[in-house]
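**Q** sequence isn't available, so here's the structure alone:
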């Protein structure tokens, strides 16, 4: 048995100007985890392409490194794929865009902070300053699953000047299917008081059921998609707190963030990409395979090129799909 | 132990003019099950008030008489409630409005047949002709659960001249919550071919999963709410057969049948009722407790009187709630 | 469309000597439901073979006639199979061996009453007296599912002089797999007080969970397998009421009723059968497919003939398997 | 907001003599993760008590450090508890006793390797050599959940000379309840070929169901409790590969490892402990609360002192219970 060469993980402390004084009081100094490929330290005249890996809702970069005896974490996966020649050596950046409400969807919101700016302006520069990256959009990829896939799509649509390669696995899309069905359960669990509900979520000893996750998700998306500086909590929930009836004006504000609806205003950016890869499992519990289908049809309508794949699995425990994204990214990085 | 007096169940064959040549080829000669109270045969000079009991989707009147060792069927329940004086002696009518697609929602549809006419015109007259009923709207009640509750609400809104007392338990309302979340699952199970799917449903040996019920429900509601004589199957599904994307024009046709939306065009009828009772379980799997809340607020907006109750249970195995409806009906029947 | 000829269902009141004064105070006068084939009334010189159909735990004969819009009940099924020539015309007897505890397993117990005697002595004679049956073991079959299958096996093992053809679908066997795993859940739900638990079971308004069924099952089997006239409730539970620890002496008494263990003392009876059919679904929630496999190996060890089939389904909603049993029974009835 | 002082995690490479040439070819050089309290580096004349933290089945020490945004990992938890004075500063050792089959139960087995020796002989010495520990059993605790709780109990029973304080949360006990019910499911999933099944478990892309975990668990326990050097795989499964029938001789060998059965041969060791703490959730999916109850009664029978607690939760996501164990350990460490 030959032992594969291992990359290293660096932890850099980054102090954010953009997140300073964010409305939730979340930390603005955060650890940034960065994976460097095996020969990074010895091959000091080589610059490397970079992939930004975005976690799903309730996640943050560090979690990509969590240990699981039966499946490689992201660093082990990269080691293996680089070692066996499946992918080129590359740097992987694992940003932390977590908030008190479980996430930021990698977009700016008056209710959470400007995480889209934070990622595209501060983190990208910080990485490029601190590591021997190839400073070009076609050597800079972004990938993610679930809300991380959503974040990747946002990068594709609004920041194609920075990220030339984009992979979204089970990315949030077609909000009617991925979010809407959880609203009723969420309404019940929230019991008219989102503030108390969040305190409960943060109490470790509290047992949490399926409805609690639906509720957290509904609150988490509200804070991103329907912020409202005049509202007591800083955002609007998409339902009436007493009856659960949908507030269609709020829901409409959510829909304005739906990748399916964002395509038409992002055509040029999307066309400029070197790689746009979209996949999802055909048993996805949030129907994100349908979201992917609908998104792809829309891309097609605008003659935007993309690769679409489906796989026989659900939404969870599908880390192995990272292999496919990484492989495509590696193939499509510019050669220099 | 004293044995309570038992009513009798009569089975009458009714030949329907309205259902003759219905588009699905469903039977137009159907058995009508009617419960007569204990003393009906001896007290031959007494006329009785009548309650029409409507089953949920996939049901038909006969099922109210199914045996369950641990819970009374409807006839046993009536025996008991009459015997212990909780309710007055009354006749109970158990109509069969089942179709090939699982039900009719008790409304007219070019895709199923005119079940609303069938019930309100043919069955009511047939019952009044064959039994010693009190032929007055305030001695004629209608009650039901789930789609049966929906049917009862339709009677309240459009046939208050016939039914003066109405009880809806967990009746379909606020379609966004009760139907919408099942559409994505339904889309997957239907696999682009509703016709083949229905054949599978009717094959007894086929294992059926949770998604299959969602699919049957979506098809069943389409056939009632969005019939289309020009469509191949006679109705429109609310989604694109390839991607699952919602067809909003079709969905809009569904919404026109939502009790929450029907209130405003039925105010006079609703105000004329002697009893309007709405209840639901706070764990209802189809969120019909929220539908009830939203409906009640709407009724309130129009100054319509009603009684609203919630109970700590789900959507299934709640036959015991019939007691509450029957009790209220009994109290509100006209005294003569 | 040709309408198939329909049989008739007779309801006879039978007054049992054996069940009179049964320890639970359950009714000793019971309705016996009997299906007569289509031509029974016209072909008055014909005698018919008979099949006894035994329900599962919590069931009673009448339930075989429950209506289900999507699947035939037993009478409709027999109509169809007789009508299309799949099976010979036959009489079907639907005994009621239900008790306060949910069933009797069709065996004698000091805690429930002598249901084995009741069935084999009283009901068989009563049927033979009241209907034109062929009074011969090779024209008398017994079939059932789950606890009904167990009952059929008991008839095979101890009453082969009466029942010459036996079909057990998913019959209780290998108690380690079908009952043991439910004991721990049952212990929790019973909460140290089986009497109060049973009262709760009988309260219709009480929500019942999965564990409650496990508890009812554990109590129900105890009352049949480990009766104890000296115990307060009349039977022993197989666990310590405080800790849940297994009472191995009680469990041993259960095992003495396990078909797998009863084979060796019933070899002659089993060999005398004209038909012994055993089937089960390979996803059976109570692992009765494994029970069937183990039972069949034991039968094999003793050179007993049998037919064994497996099907791709679980324990519930498998009424369609009655077709297979009925077909084999029909083929193996004596010709006269 | 004051920032609490943080401890550090050291990763030491340990080369094991005992695991060298283990039968599964698992690594014998392993990373040992050790948590050092905040002031360890500055207070160089202080020696610290030590707690060994054992993971559950499928786990290894490193996993205690996995990141979860909503709950502290073990290092963060220790930081917090030390910082707020709930516990004394202590060293925490996170051993890796994982194997190809998912674990070792922290015991010796000819089929896996001598993990009990590895832990008690090699790791304890290695830690004591490399860190400023208090080298005394009353300053050395062991705690764990599930199989980790089992491991802690084994230390209590056989290695009380090394570990004077023991905490078992939901530790495997009363094998009839925790393992037996999974055997039937396991049998089905293994499909007669444990070797192929294990390959499937290790294929990352394979979807794994609930039954697969039951199967892995059954195999994993077999390899620990019923090793057999003469068997092809090196161990005996507790069931017949064709029918699933229990092999009682193999099951008996399992039972010899049941803490409930081991008490009587370990009385002196158990009595010598400074702390024996046993807790479990009253909804434990593996009924380990019942195992705990039964174990405690046995301890009581032998007049062994212990603390027993129950909490309102299941088997999973109960990391917060570590607080209680750590608190008790801290209180019971020797003062010096």
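**A** Yep, that arrived. This is a predicted model, so every value here is computed, not measured. Residues are numbered from 1 along each chain as shown, chains lettered A, B, ... in the order given.
**Q** please count neighbours and contacts with C-alpha atoms only from this point.
**A** Fine.
**Q** give me the neighbour count for residue A:135.
**A** Neighbour count for residue A:135, taken as other C-alpha atoms under 10 Å in any protein chain shown: 18.
**Q** let me redo that: residue A:77
**A** Neighbour tally, residue A:77, other C-alpha under 10 Å: 17.
**Q** next: the one 10 residues further on.
**A** By other C-alpha under 10 Å, 19 other residues sit near residue A:87.
**Q** separation between it and residue A:79?
**A** Separation of residue A:87 from residue A:79 (C-alpha to C-alpha, to the nearest Å) stands at 10 Å.
**Q** tell me, how many residues neighbour the residue of chain A found nearest chain C?
**A** At 16.4 Å from chain C, residue A:209 is the closest residue in chain A, using C-alpha to the nearest C-alpha. Residues lying near residue A:209 (other C-alpha under 10 Å) number 9.
**Q** please enumerate the helices of chain A.
**A** All helices of chain A, identified by DSSP state H, fall at A:74-83, A:115-117, A:124-130, A:147-158, A:175-178, A:180-190, A:194-202, A:210-225, A:248-255, A:259-262, A:267-272, A:288-301, A:321-332.
**Q** from the ones you listed, which stretch is densest packed?
**A** helix A:147-158 (a mean of 27; mean count of other C-alpha atoms under 10 Å in any protein chain shown).
**Q** touching it from outside, list them.
**A** For helix A:147-158, contacts defined as C-alpha atoms under 8 Å, 6 or more residues apart in numbering or on different chains pick out A:53-57, A:105-107, A:142-144, A:163-173, A:259, A:262-263, A:266-267, A:269-270, A:273, A:276.
**Q** so how far is that helix from its chain's centroid?
**A** 7 Å (C-alpha atoms, centre = their mean, to the nearest Å).
**Q** now do the same contact list for residue A:163.
**A** Contacts of residue A:163 (C-alpha under 8 Å, 6+ apart): A:137, A:138, A:139, A:140, A:141, A:142, A:155, A:156, A:273.
**Q** are any of these buried, and which?
**A** Burial by neighbour count, judged by 16 or more other C-alpha atoms under 10 Å in any protein chain shown, picks out A:137, A:138, A:139, A:140, A:141, A:142, A:155, A:156, A:273 from these.
**Q** now, which of the residues you listed sits nearest chain D?
**A** Checking the buried ones among the contacts of residue A:163 one by one against chain D (C-alpha to the nearest C-alpha), the nearest turns out to be residue A:142, at 22.0 Å.
**Q** can you tell me who the closest one pairs with across the strands?
**A** With DSSP bridges applied, residue A:142 shows beta-bridge pairing to residue A:52, residue A:166.
**Q** test my guess that it contacts residue A:160.
**A** No - counting by C-alpha atoms under 8 Å, residue A:142 sits too far from residue A:160 to count as a contact (10.3 Å).
**Q** centroid residue for chain A?
**A** The geometric centre of chain A, computed from its C-alpha atoms, lies nearest to residue A:148 (C-alpha atoms, centre = their mean), at 1.6 Å.
**Q** pLDDT on stretch A:72-83, on average?
**A** Mean pLDDT, stretch A:72-83: 98.
**Q** what's near enough to touch residue A:259?
**A** Contact partners of residue A:259, counting by C-alpha under 8 Å, 6+ apart, are A:150, A:153, A:154, A:172, A:173, A:174, A:295.
**Q** in CSV: those, plus pLDDT.
**A** Putting the contacts of residue A:259 into CSV (pLDDT from 0 to 100) gives the following:
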residue, pLDDT
A:150, 98
A:153, 98
A:154, 98
A:172, 98
A:173, 98
A:174, 98
A:295, 98
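**Q** quick check: the farthest pair among those residues?
**A** Using C-alpha to C-alpha, the pair of the contacts of residue A:259 lying farthest apart is A:154 and A:174, separated by 14.0 Å.
**Q** name the nearest residue to residue A:67, ignoring sequence neighbours.
**A** Using C-alpha to C-alpha, 6 or more residues apart in numbering or on different chains and skipping residues adjacent in sequence, the residue nearest residue A:67 is residue D:63, 5.5 Å away.
**Q** for residue C:26, which of the helices of chain A is the nearest?
**A** helix A:210-225 (42.8 Å).
**Q** on that earlier part again, kindly reformat the helices of chain A as CSV containing distance to residue D:252.
**A** Converted to CSV, the helices of chain A look like this (distance: least, C-alpha to C-alpha, whole Å):
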stretch, distance to residue D:252
helix A:74-83, 41
helix A:115-117, 59
helix A:124-130, 60
helix A:147-158, 50
helix A:175-178, 50
helix A:180-190, 47
helix A:194-202, 45
helix A:210-225, 40
helix A:248-255, 61
helix A:259-262, 60
helix A:267-272, 65
helix A:288-301, 49
helix A:321-332, 43
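**Q** residue D:37 is nearest to which of those helices?
**A** The minimum distance between residue D:37 and those falls on helix A:194-202, with 25.2 Å, by C-alpha to C-alpha.
**Q** which intervals of chain A have sub-threshold pLDDT?
**A** A:1-3, A:336 (pLDDT under 70).
**Q** check the gap between the residue of it found nearest chain B and residue A:60 for me.
**A** Residue nearest to chain B within chain A (C-alpha to the nearest C-alpha): residue A:181, separated by 4.7 Å. Per C-alpha to C-alpha, residue A:181 is found 25 Å from residue A:60.
**Q** next: residue A:335.
**A** Separation of residue A:335 from residue A:60 (C-alpha to C-alpha) stands at 31 Å.
**Q** and those two? which has more neighbours close in?
**A** The neighbour comparison of residue A:335 against residue A:60 (other C-alpha under 10 Å) goes to residue A:60, with 25 against 9.
**Q** which residues touch the more buried one?
**A** Contacts of residue A:60 (C-alpha under 8 Å, 6+ apart): A:54, A:94, A:95, A:96, A:97, A:98, D:69.
**Q** return only those of those residues found close to chain C.
**A** Contacts with chain C are made by none of the contacts of residue A:60, judged by C-alpha under 8 Å from any C-alpha of the partner chain.
**Q** what count of nearby residues applies to the residue lying closest to residue A:66 once chain neighbours are set aside?
**A** Once flanking residues are discounted, residue A:66 sits nearest to residue D:66: 4.8 Å by C-alpha to C-alpha, 6+ apart. Residue D:66 has 19 neighbouring residues, counting by other C-alpha under 10 Å.
**Q** wait, residue D:66 sits on residue A:64?
**A** No - Residue D:66 is beyond contact range of residue A:64, at 9.6 Å (criterion: C-alpha under 8 Å).
**Q** residues in chain A within reach of chain D, list them.
**A** Residues of chain A lying close to chain D by C-alpha under 8 Å from any C-alpha are A:58-60, A:62-63, A:65-71, A:201-202, A:204-205, A:207, A:313, A:318, A:320.
**Q** what do you get if the cut-off is 10 Å, keeping everything else the same?
**A** A:58-72, A:98-100, A:102, A:201-208, A:312-314, A:317-321 (C-alpha under 10 Å from any C-alpha of the partner chain).
**Q** and stretch A:231-243, how far out from the chain's middle?
**A** On the basis of C-alpha atoms, centre = their mean, stretch A:231-243 sits 25 Å off its chain's mean C-alpha point.
**Q** compute the first-to-last residue distance for it.
**A** End-to-end distance for stretch A:231-243, by C-alpha to C-alpha: 19 Å.
**Q** nothing else from me, thank you.
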